[in-house]
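> Sequence and computational prediction follow.
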Amino acid sequence: MKENLKIPHKPVLLKEVLEGFSNLKEGIFIDCTVGYGGHSREILLKNKDIKLIGIDKDKEAIEFNQKYLQKEFKDRVTLIRGSFSEVLPKLLEEFSSKRKKVVGILADFGVSSLQLDKKERGFAFESDFLDMRMDQSNPKSAKVVLNSYPQERLEEIFKKFGELKEAKVLAREIVKYRSSKEITSAKEFSQIIQRVVRSKGKKNPSTLPFQAVRIEVNDELKEIENFLDTLEVFKPKDSIVGLITFHSLEDRLVKNRFRKWSKRCICPPEAMRCECGGNRAFGKELNKKPITPSKQELLENPRSRSAKLRFFQFK
């Protein structure tokens, strides 16, 4: 590799991800959130017989990996810019028709460090910008949400996506504030939050309201649901799926779907005996409890503290 590019994102649970995908055979690996190539590069190094497809909606991530992953691994890497919930079904349909084997699928649903650290992206509490778009061609930004949504809709977002007890009060405070001045920065939004949301332990009071707005801007939960629906339809044979979540709403979606896919019997609870044949499982969960960061990783990368990793293998 001629250019010595610094990776701007420290991949979470890297050791655990590599362990989960340690026995991959020849085939295609799909990294649905390739980001800045941290997970992908190590998977390519450990598994010499796979080709990787990296998907990301962030233009910066794709451009980075054209100089990073493609430079190092050449024709073993294909990059696609787009939403994984839209790209994945097209890929699985194509590979199914051509009988190409998908051996692994990875998705890291977190915001990358580069997105958080670049103040102009507007994800950070102290940013002078108000954006939060993972795909900057998306017309809906945090600025649009906070300055144009009606109070009832804001309350719904904070309650549903942030699980905030102060949802109603915060929504009212935002509407009151913007009636005299447009909210133009994440710093401003954070200051409004501080007035009404109490801090819980070491967690910054802005964490959950920012999470709620970010989920709304990027339609994150719907993306995950569509992604899981795609896997349920195609059930890629023998493929291992590894999913990293960062808050309870995401983890609940993944956990419930994996449990559903693992059920051998799908008869209703009131059924006296099994009538479905008892062989309806799509595969098996490879870990019943989520894998979380080690103490060492938490010391080295505090941003990994809420990460949870679950694996499922289709049969």
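Everything's here; your move.
> May I have the residues that are in contact with the residue most central in space within the chain?
Closest to where the C-alpha atoms of the chain average out (C-alpha atoms, centre = their mean) is residue 109, at 1.1 Å. Residue 109 is in contact with 33, 220, 224, 243, 244, 245, 246, 250, counting by C-beta atoms under 8 Å, 6 or more residues apart in numbering. Placement of C-beta: from N, CA and C, glycine included.
> Just among those residues, which is most surrounded?
residue 243 (28 neighbours; other C-beta atoms under 10 Å).
> close enough to count as contact, residue 236 and residue 314?
Yes - with contact taken as C-beta atoms under 8 Å, residue 236 and residue 314 are classed as touching, separated by 5.7 Å.
> Just want to know which of the two has more residues nearby.
A side-by-side neighbour count of residue 236 and residue 314, using other C-beta under 10 Å, places residue 236 first with 23 against 19.
> roughly how far apart are that one and residue 105?
From residue 236 across to residue 105, the span is 7 Å (C-beta to C-beta, to the nearest Å).
> cool, residue 285 as well?
Residue 285 sits at a distance of 15 Å from residue 105 (criterion: C-beta to C-beta).
> Kindly report the same for residue 205.
Here the distance between residue 205 and residue 105 works out to 36 Å (C-beta to C-beta).
> Same check on residue 279?
In this view, residue 279 and residue 105 are 24 Å apart by C-beta to C-beta.
> list the contacts for residue 192?
170, 173, 174, 177, 183.
> related to what we said a few turns ago, of residue 279 and residue 105, which one has the most company?
Each of residue 279 and residue 105 had its neighbours counted (other C-beta under 10 Å), and the higher figure belongs to residue 105 (27 against 9).
> Please, where are all the strands along the protein?
Taking DSSP state E to define them, one finds strands in the chain at 27-31, 50-56, 77-81, 102-108, 240-245, 283-285, 308-314.
> Reformat these as a markdown table; add distance to residue 298 and mean pLDDT.
As requested, those are arranged in a markdown table below (distance: least, C-beta to C-beta, whole Å; pLDDT from 0 to 100):
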| stretch | distance to residue 298 | mean pLDDT |
| --- | --- | --- |
| strand 27-31 | 24 | 98 |
| strand 50-56 | 26 | 97 |
| strand 77-81 | 31 | 98 |
| strand 102-108 | 17 | 97 |
| strand 240-245 | 15 | 98 |
| strand 283-285 | 25 | 96 |
| strand 308-314 | 13 | 98 |
